[in-house]
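A.B. asks: Need coordinates for the below:
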Amino acid sequence: MAITMRTCKRCLIPVAVPGTQIDSDGVCNLCKYQEHRDLDGDEQLRQEREDDLEEALQSCRQGASYDCVVPLSGGKDSIYLLYKLKREYQLKVLAFTTDINLPPIAWNNIRTALRKLDIDHVVYRPSSDFYAKLFRYLLKNQEERGAVYTISYVYAPLFEGDAIRLAAEKEIPLVLAGYSPGQPDPERMEYEFSRTLIEKVTWVPPQLERSGEFSRDELERFFDPRRFPSNTEFPRYLAPFHAWKYAQDDVMDAVVRLGLIRSHKNASPVFSNYPINWLLMYSDLKNLGYNPYLPEFSALIREGKASRDYWRIMVPIVNTMIRHRILLGRDVTRSLKWLGLSTHDLRITMARGAYDPEIIGSAEGCK
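C.D. replies: The predicted model follows:
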């Protein structure tokens with residue numbers, strides 16, 4: 001595997017990440033740009049989003065059985081979001097989980113938090129055969145940004161669509177997702193999915209249709225508003241942590257202090273991650289030469305929202321576990337076995353944007 005050792009001394013981003021340059025002092029161009037960013041403009045945008053969010057949280061109380069749906073993965077952010085909505089805003093919250101590939105730690109976190117907060121929970125358990133087929137195809141046909149990007153870009157819309165479908169059927173006005181700043185990819189969403197995306201276009205990735213590998217029934221797992229009655233009221237889909245002030249360490253401390261998650265280990269994204277993510281990281285270390293989550297965490301470090309010291313220690317540990325398939329990295333081997341793949345099957349074969357629904361790549365599709 002190619003190992004890129006040179007990283008920015010401030011934010012830890014590797015020079016192998018496209019668009020990254022590191023000067024003779026060891027500082028990357030992204031950190032230098034951060035020094036000159038219009039921070040007042042950033043704060044103004046955040047405040048505008050927070051004002052909009054506050055209005056949405058007040059206006060959602062319209063007598064429906066629930067005020068909002070929260071997709072619940074068992075990670076620190078979605079659990080802390082449950083707390084804020086239930087305890088601080090006194091909303092009627094419905095937690096929703098699509099049960100595919102969640103680790104035992106995540107389920108432990110879910111049970112602990114729901115018991116503590118007394119929140120209703122819907123669990124959707126689809127057949128794993130379709131997901132195994134989807135992951136297998138995508139890993140063998142990755143686009144140029146690698147496995148994490150490819151899988152996330154196609155897999156996330158499935159459970160996002162499940163949450164929208166549930167909210168529409170129950171006439172719940174809001175879906176509130178625990179995405180931290182930088183999640184999901186800004187091409188798909190910043191703070192809110194556009195109304196065009198939710199109300200007018202199919203979410204089926206065109207490359208999956210063109211492949212001929214998936215049946216009509218399988219493709220209909222993806223959300224398509226055109227299959228709903230014309231008078232359907234679709235929810236808004238918002239990411240509150242894009243509006244509220246956010247600090248990763250503060251969230252980890254809060255969920256443990258409040259008794260929502262038992263320990264800092266359980267609150268860490270390293271331990272609550274989906275098992276298949278270890279295979280995705282293995283593939284990207286192999287094909288791209290760097291951990292694919294580092295750009296996201298480096299951005300949080302530059303913005304003062306995550307601890308540089310924490311990730312300076314954890315990234316080499318995580319990468320060692322992945323490369324040698326030890327400890328948590330054993331999920332690399334387990335996932336390969338589950339999917340019937342070898343390491344040679346983990347290939348980049350598609351051009352950038354191969355799986356993007358056309359609307360997502362347009363200015364109309366993003367907000």
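A.B. asks: burial measure for residue 23, as a count.
C.D. replies: By other Cβ atoms under 10 Å, the residues close to residue 23 number 11. Backbone N, C-alpha and C define where each C-beta goes, glycine included.
A.B. asks: got the contact list for it?
C.D. replies: Taking Cβ atoms under 8 Å, 6 or more residues apart in numbering as the criterion, residue 23 is in contact with residue 29.
A.B. asks: Endpoint to endpoint, stretch 62-80 covers what distance?
C.D. replies: Taking Cα to Cα, to the nearest Å, the first and last residues of stretch 62-80 lie 24 Å apart.
A.B. asks: List the buried residues in that stretch.
C.D. replies: Neighbour-count burial for stretch 62-80 flags 66-80 (criterion: 16 or more other Cβ atoms under 10 Å).
A.B. asks: which of the residues you listed lies closest to residue 120?
C.D. replies: Ranked by distance to residue 120 (Cβ to Cβ), the buried residues of stretch 62-80 are led by residue 66 at 7.5 Å.
A.B. asks: Which residue is the nearest non-sequential neighbour of the closest one?
C.D. replies: residue 94 (4.2 Å; Cβ to Cβ, 6 or more residues apart in numbering).
A.B. asks: what sits against the one you found?
C.D. replies: 65-66, 68-70, 119-122, 166, 170, 172.
A.B. asks: now it: how far from residue 37?
C.D. replies: Remark: distance between residue 94 and residue 37 (Cβ to Cβ, to the nearest Å) = 38 Å.
A.B. asks: do the same with residue 53
C.D. replies: Distance from residue 53 to residue 37, by Cβ to Cβ: 23 Å.
A.B. asks: And those two? Which one has more around it.
C.D. replies: Legend: neighbour count by other Cβ under 10 Å for residue 53 and residue 37, higher for residue 53 (21 against 11).
A.B. asks: Low-confidence regions, the stretch 1-150 of the chain specifically.
C.D. replies: In the predicted model of the stretch 1-150 of the chain, residues 1-5 satisfy pLDDT under 70.
A.B. asks: all helices of the stretch 201-350 of the chain, in order?
C.D. replies: 206-211, 216-219, 248-257, 264-267, 269-272, 276-287, 294-302, 308-324, 330-339 (DSSP state H, counting those that start in this stretch).
A.B. asks: Most tightly packed of these?
C.D. replies: helix 276-287 (a mean of 24; mean count of other Cβ atoms under 10 Å).
A.B. asks: Report all helices and strands that it contacts.
C.D. replies: Here helix 276-287 touches helix 128-140, helix 147-170, helix 308-324, helix 330-339, going by 3 or more Cβ pairs under 8 Å, 6 or more residues apart in numbering; DSSP states H and E.
A.B. asks: Residue 215 is nearest to which of those?
C.D. replies: So among the helices and strands packed on helix 276-287, helix 128-140 is nearest, using Cβ to Cβ, at 9.5 Å.
A.B. asks: elements contacting the next helix-or-strand element following the closest one?
C.D. replies: Going down the chain from helix 128-140, the next helix or strand is strand 142-143, by DSSP states H and E. On a contact count with 3+ Cβ pairs under 8 Å, 6+ apart, strand 142-143 meets helix 147-170, strand 348-350.
A.B. asks: Quick one: mean pLDDT for the next helix or strand after the first one?
C.D. replies: When you say that, I think you mean helix 147-170. Helices and strands here follow DSSP H and E; after helix 147-170, the next one along the chain is strand 174-176. For strand 174-176, the mean pLDDT works out to 98.
A.B. asks: Need the residues that contact strand 174-176.
C.D. replies: Strand 174-176 has contacts (Cβ under 8 Å, 6+ apart) with 56-57, 60, 67-71, 81, 85, 160, 163-164, 167, 235-240.
A.B. asks: residues near residue 59, how many?
C.D. replies: The number of residues near residue 59, taken as other Cβ under 10 Å, comes to 11.
A.B. asks: give the contact list for the nearest residue to it once chain neighbours are set aside.
C.D. replies: Closest residue in space to residue 59, ignoring its immediate chain neighbours: residue 173 at 7.8 Å, by Cβ to Cβ, 6+ apart. Residues in contact with residue 173 (Cβ under 8 Å, 6+ apart) are 59-60, 62, 64, 67-68, 167, 233, 235-236.
A.B. asks: now the residue nearest to residue 219 when sequence neighbours are not counted: how far from residue 146?
C.D. replies: Excluding the flanking residues, the one nearest residue 219 by Cβ to Cβ, 6+ apart is residue 204, at 5.1 Å. Here the criterion is Cβ to Cβ. By it, residue 204 lies 22 Å from residue 146.
A.B. asks: hang on, the earlier thing: most tightly surrounded among the helices and strands packed on strand 142-143?
C.D. replies: helix 147-170 (a mean of 21).
A.B. asks: Out of the helices and strands packed on strand 142-143, which is closest to residue 321?
C.D. replies: Comparing these by Cβ to Cβ, helix 147-170 comes nearest, at 16.1 Å.
A.B. asks: now the closest one and helix 128-140, what's the angle there?
C.D. replies: 150 degrees (axes from the mean of the first three to the mean of the last three Cα atoms, to 10 degrees).
A.B. asks: How far away from the center of its chain is helix 147-170?
C.D. replies: 10 Å (Cα atoms, centre = their mean, to the nearest Å).
A.B. asks: circling back: would you convert the helices and strands packed on strand 142-143 into TSV that also reports distance to residue 27?
C.D. replies: Converted to TSV, those look like this (distance: least, Cβ to Cβ, whole Å):
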stretch	distance to residue 27
helix 147-170	26
strand 348-350	30
